[in-house]
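K.L.:
A structural model of the following input is requested.
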Amino acid sequence: MDFSNILGEANETIKRFKEKNNDWVVIIRWATATGKSKLSVELSAYFKNMEVISSDSRQIFREMDIGTDKISAKIRQRIPHHQIDIVNPDETYTAGQWKEDVDKEIDEILARWNFPFIVWGTGLYIDTIYKNFSMPECPPDYELRNKLENLEKENPWYVYNELKKVDPEEASKLHPNSTRYIIRALEIYHNTWKTKTEGYIQQPVRHPLLMLWLRRDKETTNQLINARIKEMFQAWLVDEVDGLLKKGYSPSLQSMQGIGYKEVIWYLNWEYNYEKMDELLKRDTHHLAKKQRTWFRRYIAEGKQTPKDNVEYKVWEL
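P.N.:
You can find the predicted model right below:
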């Protein structure tokens, strides 16, 4: 990926923002395979004190490197990276935990007079910083989750219809197939007796934010996704997943149900042949990219119509 056409402008944009703010944070966003991590690495030549915080909800898991397209250990030795390899595949880590940890990490990075760059792609994680939610304390309720998951298997869209009854505003934001997020919203309601809409209240940002988007057209993005998936298989993705299963990690774990892992598990279980696995992985990743583009367009629209205080917005067409 060639960023020569925007690298100089990106450098100047960040420098101008830095000059106006002492305690600033840069967020680099857009869909998977757009080149966010590569741009952050190239920007490190201009910002020697850069520290990167991953906002990828899958790169938190240890031993899951190829399927999450984790940045190399060599680069991480050169540029400090946070929120990578922090939990095991059978552990749970919520968006609330991510926000709490990242708020502390940002403060620590700034205290070192370094520059925090939040990079990668989970929209919910970014929302916790951009919208600065006050989040209710609600640890995982595994018994309720299992019950709701079973009811959903017996009756598709059951959990979505339940959420519409108790929290129609939150339901309107989610696709009926976003089962994990729907169940989490129901979990919050049943354990706090407050809906997610009531409990997640927006507050002013804690630090000035510079929101940068790298925008590619759908066709180019899909081509890059296909090329990345080919590289993953060449890097022994199937062996990585097989190794995790042999270590005893259940296929039903949240981590193992992520894109790139569930499709390989189907293949290893003889449910599909190699060609079908490849087809499904591409399809699911294309769908993810579409969902991410939709999510991030909301930010762009808000930046034009009702920008938040202490937030600057910049989009580059690649």
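K.L.:
which stretches in this protein count as strands?
P.N.:
Applying DSSP state E to the chain gives strands spanning 25-29, 50-54, 81-82, 115-119, 209-215, 311-317.
K.L.:
how far away is Lys246 from Leu253?
P.N.:
Lys246 sits 14 Å away from Leu253, going by C-beta to C-beta, to the nearest Å. Yep, even glycine has a C-beta here, placed from its N, CA and C like the rest.
K.L.:
thought Leu39 was touching Ala10?
P.N.:
Yes: applying C-beta atoms under 8 Å, one finds Leu39 in contact with Ala10, separated by 7.1 Å.
K.L.:
what do those two both touch?
P.N.:
By C-beta atoms under 8 Å, 6 or more residues apart in numbering, Leu39 and Ala10 have these common neighbours: Phe3.
K.L.:
which of Lys246 and Leu253 has more neighbours?
P.N.:
Leu253 (17 against 8; other C-beta atoms under 10 Å).
K.L.:
now for that one: which residues touch it?
P.N.:
Listed by C-beta under 8 Å, 6+ apart, the contact partners of Leu253 are Pro89, Asp90.
K.L.:
from Ile300, how far out is it?
P.N.:
The gap separating Leu253 from Ile300 is 34 Å, by C-beta to C-beta.
K.L.:
do Leu110 as well
P.N.:
With distances taken as C-beta to C-beta, Leu110 is found 27 Å from Ile300.
K.L.:
hmm, Glu169 is touching Thr197, no?
P.N.:
Yes: under the criterion of C-beta under 8 Å, Glu169 makes contact with Thr197 at 4.5 Å.
K.L.:
of these two, which one has the most company?
P.N.:
Taking neighbours as other C-beta under 10 Å, Glu169 and Thr197 compare with Thr197 leading, 18 against 12.
K.L.:
as a quick check, tell me the outermost residue of this protein.
P.N.:
The outermost residue of the chain, judged against the average C-alpha position, is Trp270 (30.0 Å), by C-alpha atoms, centre = their mean.
K.L.:
and that residue, what does it touch?
P.N.:
By C-beta under 8 Å, 6+ apart, Trp270 has no neighbours at all.
K.L.:
now it: how far from Gly121?
P.N.:
From Trp270 to Gly121 the distance is 32 Å (C-beta to C-beta).
K.L.:
show me the domain layout of the protein.
P.N.:
Listed domain ranges for the chain are 4-135+201-218+311-317, 142-199, 219-286 (source: automatic domain parsing).
K.L.:
ramachandran coordinates for the residue nearest to the spatial centre of the chain?
P.N.:
By C-alpha atoms, centre = their mean, the chain has its centre lying nearest to Thr122, at 1.7 Å. Main-chain torsions, Thr122, degrees, to the nearest 10: phi -90, psi 110.
K.L.:
my read: it touches Ser55, true?
P.N.:
Yes: Thr122 is within contact range of Ser55, at 5.5 Å (criterion: C-beta under 8 Å).
K.L.:
which residues does the closest residue in space to Leu281 that isn't next to it in sequence contact?
P.N.:
Once flanking residues are discounted, Leu281 sits nearest to Glu263: 4.4 Å by C-beta to C-beta, 6 or more residues apart in numbering. Glu263 makes contact with Tyr272, Met277, Leu280, Leu281, Asp284, according to C-beta under 8 Å, 6+ apart.
K.L.:
count of neighbours near the third one?
P.N.:
Right, the one you point to is Leu280. Counted with other C-beta under 10 Å, Leu280 comes out at 17.
K.L.:
next one: the first one
P.N.:
For Tyr272, the tally of surrounding residues (other C-beta under 10 Å) stands at 16.
K.L.:
separation between the residue nearest to it when sequence neighbours are not counted and Met277?
P.N.:
Nearest non-adjacent residue to Tyr272, counting by C-beta to C-beta, 6+ apart: Trp266, 5.1 Å away. Going from Trp266 to Met277 by C-beta to C-beta gives 6 Å.
K.L.:
next: Glu9.
P.N.:
Using C-beta to C-beta, Glu9 is found at 41 Å from Met277.
K.L.:
who's more crowded, those two?
P.N.:
Higher neighbour count among Glu9 and Met277: Met277, with 20 against 12, using other C-beta under 10 Å.
K.L.:
ok, and the closest non-adjacent residue to that one?
P.N.:
Tyr267 (4.0 Å).
K.L.:
does the one you found touch Asn273 like I think?
P.N.:
Yes: counting by C-beta under 8 Å, Tyr267 does reach Asn273; the two are 7.3 Å apart.
K.L.:
compare these two and say which is more crowded by neighbours.
P.N.:
Taking neighbours as other C-beta under 10 Å, Tyr267 and Asn273 compare with Tyr267 leading, 21 against 10.
K.L.:
quick one: the more buried one from Asp107, how far?
P.N.:
For Tyr267, the distance to Asp107 - C-beta to C-beta - is 44 Å.
K.L.:
next one: Tyr181
P.N.:
In this structure, Tyr181 and Asp107 are 28 Å apart, going by C-beta to C-beta.
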